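Peer 1: generate a structure from the sequence data that follows.
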Amino acid sequence: MNTTGGAALRLFNPGLHQSDEDVISQFCVRETELAAILEILGRNIESPSCRHVLVAGSGGMGKSMLLARTAAELRANSAFSSRLLPVRFMDECHGIADFAGFCVEALSLLAGELTANDAELAGELRKAADRMSTAEAESGLRNEAFDTLCRTADRTGKRLVLLVEDLEEICLGAGEEFSRRLGEALLSEPRITLVATAAGRLEPSGEERQTLAGMFALQALKPLTTEECSVLWRSIDETGADRDIRPLGILTEGNPRLLAMLAAAIRRERPLTLPEEVAALVDWNTDFFRQRLAVLPKSERRVFAAILDLWRASTTGEIAARARMDVRAVATMLRRLLDRGAVVAETPAGGGRKRYAAAEPLHCIWRRLRQGGAAAEEVGRLLRFMEEFYGGGEAAGKRLSAENWEAGLAYMEAERAPREILAVTADIRNR
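Peer 2: Residues are numbered from 1 along each chain as shown. Predicted coordinates:
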């Protein structure tokens, strides 16, 4: 986790508001595991059947960093970039309730991946994903969404590499039918490879899960050795002071994240821009936001994830459409979420239907930044607008670029979260 070029550390969300160059420069351990994954992906390019990879390890052992580094290599290395297209899923895909939802999420993320190089295809995929996200019949949708993924691979001339966080949690939440459908797809379709993470092996609690687990090459992440701890520490600690790393290795039990947190505590940061400050704040509070979702029962979690994705006060019908659930069931879940304090309700001043929003607006920012692609850039545009409009003392609002001014007006008209984000940024400024 190097600090080359002043790139901020990401302890929970590697790749968040970072370039591939930043990720590559910060990656200094787990080289053996990276090489093993890339070797499998390289062999898959010409193979009539794919070998999939499961990266297993406890929290903080470097699973997310390894996936981020793999994605960066697939984009930066011409030997891979001409034949493979990485699609990195966000952590904790709580909105995925079935195989159709998994494929729709993949389409949405694939659109973000293609935006820079093929805007037309990216636009088509985004429209398709938006349409499918509100479809009700899962049986027909799963075939359409999966077929669209495969056709996109044909159009790009590349095989898709789906990089999925916490596959075990997705399987538990979506049920045995999801595991069966996913296993069938991975077994029959060479255009798609899955590189996934899990806290441990995929426990064979059912026949479908056992079959799915057998499709993966297991890459277990072990605690760092003393030498690896020393390499990681030197990459972060810019003081150059000599340090006996062995006690810290014992204290952290070779956990890369814990060791990085200790090193980061003594690191002097350069001044950060507002988007970087918000990204850092989101990164340091990931465990809190993750827990808010994890403690919710499955149906409530699905509704809450839809509220976060909408990122504005929304009606019950809008939330139901986004979650692909029955309106009456969503109304019940909203009452429970209100009781938990997870959402707030408001009635428009001029009357009309009650609307619901996340009680902690920063949770929406956290989710969108972690989604990456277009969702993260949407947050970035708004924050850049706010930095220009509200910064600079008497010059505030007088030095706005045309692009940022238009972005700011668009968010205000869409009733997106300027008021709440202002409170967050004010808190950051006053720290």
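Peer 1: tell me the SS of the residue nearest to residue 300 when sequence neighbours are not counted?
Peer 2: Using CB to CB, 6 or more residues apart in numbering and skipping the chain neighbours, the partner closest in space to residue 300 is residue 333 (5.0 Å). In this view, the C-beta of every residue, glycine as well, is placed from N, C-alpha and C. With DSSP: H, G, I helix; E, B strand; the rest coil as the basis, residue 333 sits in helix.
Peer 1: again with residue 312
Peer 2: Classified using three-state DSSP, residue 312 is coil.
Peer 1: with residue 196 instead?
Peer 2: Of the three states, residue 196 takes strand under three-state DSSP.
Peer 1: neighbours around the residue nearest to residue 300, how many?
Peer 2: Here the number of neighbours of residue 333 (other CB atoms under 10 Å) works out to 25.
Peer 1: same thing with the one 3 residues further on?
Peer 2: The burial metric for residue 336, expressed as a neighbour count using other CB under 10 Å, is 16.
Peer 1: pretty sure it is touching residue 301, no?
Peer 2: No. Contact between residue 336 and residue 301 fails when scored by CB atoms under 8 Å: they sit 11.0 Å apart.
Peer 1: where in the stretch 1-150 of the chain is pLDDT low?
Peer 2: 1-7, 91-92, 94, 137-139 (pLDDT under 70).
Peer 1: please enumerate the helices of it.
Peer 2: Taking DSSP state H, counting those that start in this stretch, the helices of the stretch 1-150 of the chain run over residues 20-26, 31-44, 63-76, 78-81, 99-114, 119-132, 138-156.
Peer 1: closest to residue 182 out of these?
Peer 2: Checking the helices of the stretch 1-150 of the chain against residue 182 by CB to CB gives helix 99-114 as the closest, at 6.1 Å.
Peer 1: so which elements touch that closest one?
Peer 2: When contacts are defined as 3 or more CB pairs under 8 Å, 6 or more residues apart in numbering; DSSP states H and E, helix 99-114 packs onto strand 84-88, helix 119-132, helix 138-156, strand 159-164, helix 167-174, helix 176-188, helix 373-390.
Peer 1: make a markdown table from these and add mean neighbour count and distance to residue 328 to it.
Peer 2: Formatted as a markdown table, the helices and strands packed on helix 99-114 follow (neighbours: other CB atoms under 10 Å; distance: least, CB to CB, whole Å):
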| stretch | mean neighbour count | distance to residue 328 |
| --- | --- | --- |
| strand 84-88 | 24 | 34 |
| helix 119-132 | 16 | 22 |
| helix 138-156 | 16 | 18 |
| strand 159-164 | 23 | 32 |
| helix 167-174 | 21 | 22 |
| helix 176-188 | 18 | 23 |
| helix 373-390 | 20 | 29 |
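Peer 1: turn the ones you listed into TSV, including distance to residue 97.
Peer 2: Converted to TSV, these look like this (distance: least, CB to CB, whole Å):
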stretch	distance to residue 97
strand 84-88	19
helix 119-132	13
helix 138-156	9
strand 159-164	15
helix 167-174	6
helix 176-188	8
helix 373-390	20
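Peer 1: these: which one's closest to residue 342?
Peer 2: Counting by CB to CB, residue 342 lies closest to helix 167-174 out of the helices and strands packed on helix 99-114; the figure is 17.3 Å.
Peer 1: could you give the angle of that closest one to strand 159-164?
Peer 2: 80 degrees (axes from the mean of the first three to the mean of the last three CA atoms, to 10 degrees).
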